[in-house]
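>>> I would like to see how this sequence folds:
(chains A and B)
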Protein chains: 2
Amino acid sequence: MKVGERHYRSIWADERRDAVHIIDQSRLPHVFETLRIPSMEAMAEAIRQMRLRGAPLIGVAAAFGIALAMLRDASDASLSQACNALRATRPTAVNLAWALARVRERLEDLKPADRVEAAWKEAQAIADEDVALNAAIGRHGVVLLQKEYEHLQRPVNILTHCNAGWVATVDWGTVTAPIFMAHEMGIPIHVWVDETRPRNQGLLTAWELAGHGVAHTLVVDNAGGHLMQQKKVDLVMVGADRVTRRGDVCNKIGTYLKALAARDNGIPFYACVPSPTIDWTIEDGVEEIPIEERDPDEVRHVRGLDSDGKYASVAIATAKTPIANPSFDVTPHDLVTGIITEKGIARASERELLAFWPREQHSKAYLT
Amino acid sequence: MKVGERHYRSIWADERRDAVHIIDQSRLPHVFETLRIPSMEAMAEAIRQMRLRGAPLIGVAAAFGIALAMLRDASDASLSQACNALRATRPTAVNLAWALARVRERLEDLKPADRVEAAWKEAQAIADEDVALNAAIGRHGVVLLQKEYEHLQRPVNILTHCNAGWVATVDWGTVTAPIFMAHEMGIPIHVWVDETRPRNQGLLTAWELAGHGVAHTLVVDNAGGHLMQQKKVDLVMVGADRVTRRGDVCNKIGTYLKALAARDNGIPFYACVPSPTIDWTIEDGVEEIPIEERDPDEVRHVRGLDSDGKYASVAIATAKTPIANPSFDVTPHDLVTGIITEKGIARASERELLAFWPREQHSKAYLT
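Residues are numbered from 1 along each chain as shown, chains lettered A, B, ... in the order given. Next up is the predicted model:
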């Protein structure tokens, strides 16, 4: 998407195919900087340091990492070593493991001489598929925004939580795809952006929207209920880390509170979800999805620019203050108006989701 | 309440009656420091700089401010000038104006020679009445915690939002009164403390609980819904800035979201409210209470200790990011299980509140 006047993806191969370029997300929203990644080791380091983040993007980055490794040494040993090194950067990232397996499978049976070309192609294909998936979500989601605008005849107010934006993917993003498309179609919109403590990923969303010229306002996570009560929100759109087969939505901590407020105020609540995010093996998200408890220091420390304009952290709580940091919550399907997928919009129900993916009928854990 | 092993009030007169002492809240939670306030001007400055905060405490501080002014000059002109100077420090604070009017009325008809003694007495009386009010709330509220403990036979988990603690009052606090009493009675309790963005007053609550040895855990404001869903919260207790005659609760932004989560999970939700906080003239809080929109920089900047251990601020958002900062929200009465007052616990209904304060029957705005 646009940064200033120029279009960017969050990751792209150098034309000479000797490096990959990324946007250094660790310096956003204050500093926009791209990094040239010349080697697999540099890519692993960038992932580890969270210079790039977002499940889809990490998968693509890992695939490009293999291409960089093949460039230097296309042997079996090198392939194997690169896969291991990249997988170790974020051990729990599903997309990363999936992308590595896919590239490895593609390369394994090739002669080393053919591997470089094939690796670049496969990484590029994974990147392009991610863009296509998000664009399809955008095309389905924008219909909702258009209808809302036709009905309201004034700018449509969307509230979103966390960053389900284009820098978490290769382009478009999931939640931001319909938003950017609406903006380009001339549908007037305004986005309320939750700051999303503890890591404040809402600031990435605000940066993305600003770069593309979409009207938006940053608010603390506490504000959304009041805004809905005051009829300042027309619909809520969030991403998801995992969606169960009946449509329970596991997403960044705090999402559930916004879904409750949406229901209490008769406001539709949508999750924008590419199908790889649907976990067909489970049904009850509250019971079955383990919630990651992350480092208390994410809560204790807040990062931003200090008075000298440099990145710095301040400790809001004392070192002795006990802190809990659950990172996700589950919004039960009955609070979800719809799941916007690349195939269309489904109600949050097993029946409607299976109508799009009938082959998943038998994927339920207890059926296998 | 206790800080370390010693009991403090948040404000107290020097034994020699030549100064007033306060806790410098602007340095909490990291630094505990008391300040000696030797003059009315110093008190006005302390209020203006928010070295003390909390509606009840500000009222008491202003009353002591008058006593300090009388000490130097007990003339009519001095009394009038002191009232004006103190009122101007926080123009919208209702308790401040009320306390000043009360002390002024007490002093006006006295000879200047008698004013110093009377001013100290009146200020002390206002302070003592605040303590008594909160203690009464505590005695009623602790019954709930005791019943809950008898039922659960394990520590009772309370979630609270913002700071309705003792440093916002003279002693006990409103929400913290039942908590401290339960702790002293040996009822095992644990408090989930919302950090309460944007100003993070939850850190004051955490500091108060730590000082008194009450088990607690700090969480981001996003976490409460998940904690309730996981049955880790037994009841929610919050303070209030204003309560309508039917029991709508206006409190720090984000309170409404916690009330929704409490209802969705069958968890009781209580507001701890001294009667001066009840506005008998209005009924529908969502419609009738204007919500203060505060400085966006409260959201943009976060204050804490930097790596040198000094207070500093970091900017989380860029200077260009549009920010909205509504400061309060309204929890409709049907989400409120009960209002814990100094007279007892009322359901959030006009009928039950009027049963405690029958004279307020005719205070409704449209009846007058």
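
>>> so the residue lying closest to residue A:13 once chain neighbours are set aside bridges to which residues?
Nearest non-adjacent residue to residue A:13, counting by C-beta to C-beta, 6 or more residues apart in numbering or on different chains: residue A:20, 5.6 Å away. In short, each C-beta sits where N, CA and C put it, glycine included. Counting by DSSP bridges, residue A:20 forms beta bridges with residue A:13, residue A:37.

>>> tell me how many other residues crowd residue A:20.
Burial of residue A:20 is recorded as 27 neighbouring residues (other C-beta atoms under 10 Å in any protein chain shown).

>>> so how far is chain B from it?
27 Å (C-beta to the nearest C-beta, to the nearest Å).

>>> isn't that residue up against residue A:64?
Yes: Residue A:20 is within contact range of residue A:64, at 4.6 Å (criterion: C-beta atoms under 8 Å).

>>> contacts only, for the residue nearest to residue A:13.
A:11, A:12, A:13, A:14, A:36, A:37, A:43, A:61, A:64, A:65, A:67, A:68 (C-beta atoms under 8 Å, 6 or more residues apart in numbering or on different chains).

>>> and the residue in the stretch 101-250 of chain A that chain B sits nearest to, what pLDDT?
Proximity of the stretch 101-250 of chain A to chain B (C-beta to the nearest C-beta) peaks at residue A:222, 2.7 Å away. The score at residue A:222 is 98. That number is its pLDDT.

>>> how about residue A:365?
61.

>>> over to residue A:368?
The score at residue A:368 is 47. That number is its pLDDT.

>>> please, where are all the strands along the stretch 51-200 of chain A?
Taking DSSP state E, counting those that start in this stretch as the criterion, the stretch 51-200 of chain A carries its strands at A:156-160, A:189-194.

>>> can you redo those strands as JSON lines with mean pLDDT and distance to residue A:138?
Listed next are these as JSON lines, based on pLDDT from 0 to 100; distance: least, C-beta to C-beta, whole Å:
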{"stretch": "strand A:156-160", "mean pLDDT": "98", "distance to residue A:138": "13"}
{"stretch": "strand A:189-194", "mean pLDDT": "98", "distance to residue A:138": "13"}
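
>>> can you list the ones you listed in CSV and add distance to chain B and mean neighbour count?
Formatted as CSV, the strands of the stretch 51-200 of chain A follow (distance: least, C-beta to the nearest C-beta, whole Å; neighbours: other C-beta atoms under 10 Å in any protein chain shown):
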stretch, distance to chain B, mean neighbour count
strand A:156-160, 12, 25
strand A:189-194, 8, 24
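
>>> in JSON lines, list the ones you listed along with distance to residue A:233.
Formatted as JSON lines, those follow (distance: least, C-beta to C-beta, whole Å):
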{"stretch": "strand A:156-160", "distance to residue A:233": "5"}
{"stretch": "strand A:189-194", "distance to residue A:233": "6"}
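
>>> which of the contacts of residue A:20 lies closest to residue A:290?
Closest approach to residue A:290 among the contacts of residue A:20 (C-beta to C-beta): residue A:61, at 25.5 Å.

>>> and the closest one, what does it touch?
With C-beta under 8 Å, 6+ apart, residue A:61 has these contacts: A:11, A:20, A:22, A:43, A:46, A:47, A:52.

>>> now, those that are in helices?
Counting by DSSP state H, the part of those found in helices is A:43, A:46, A:47.

>>> what's the burial count for the second one?
Applying the criterion other C-beta under 10 Å, we find 23 residues in the vicinity of residue A:46.

>>> again with residue A:105
Quick note: residue A:105 (other C-beta under 10 Å) scores 10 neighbours.

>>> check residue A:333 too.
By other C-beta under 10 Å, the residues close to residue A:333 number 23.

>>> any part of the host helix or strand of residue A:218 near chain B?
Using DSSP states H and E, residue A:218 falls within strand A:215-219. Yes: Strand A:215-219 comes into contact with chain B (C-beta under 8 Å from any C-beta of the partner chain), by way of A:216, A:217, A:218, A:219.

>>> rewinding a little: identify the contacts common to residue A:20 and residue A:64.
Both residue A:20 and residue A:64 are in contact with A:11, A:13, A:37, A:43, where contact means C-beta under 8 Å, 6+ apart.

>>> distance of the spatially closest residue to the first one that is not a sequence neighbour relative to residue A:43?
Nearest non-adjacent residue to residue A:11, counting by C-beta to C-beta, 6+ apart: residue A:22, 5.0 Å away. In this structure, residue A:22 and residue A:43 are separated by 8 Å, where distance is defined by C-beta to C-beta, to the nearest Å.

>>> and the gap between residue A:131 and residue A:60?
To residue A:60, residue A:131 is 10 Å away according to C-beta to C-beta.

>>> no no, residue A:162
For residue A:162, the distance to residue A:60 - C-beta to C-beta - is 20 Å.

>>> run through the stretch 101-250 of chain A and note the low-pLDDT ranges.
Counting by pLDDT under 70, the stretch 101-250 of chain A has no low-confidence residues at all.

>>> return the residues of it in contact with chain B.
Counting by C-beta under 8 Å from any C-beta, the residues of the stretch 101-250 of chain A that sit close to chain B are A:192, A:195-198, A:200, A:203, A:206-207, A:210, A:216-227, A:229-230.

>>> and the buried ones among these, selectable in PyMOL?
Command for PyMOL that selects the buried part of those, burial taken from 16 or more other C-beta atoms under 10 Å in any protein chain shown:
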select buried, chain A and resi 192+195+196+197+198+200+203+206+207+210+216+217+218+219+220+221+222+223+224+225+226+227+229
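
>>> mind checking how far the closest residue to residue A:346 other than its chain neighbours is from residue B:189?
Closest residue in space to residue A:346, ignoring its immediate chain neighbours: residue A:352 at 4.0 Å, by C-beta to C-beta, 6+ apart. For residue A:352, the distance to residue B:189 (C-beta to C-beta) stands at 45 Å.

>>> all good on my end, thank you.
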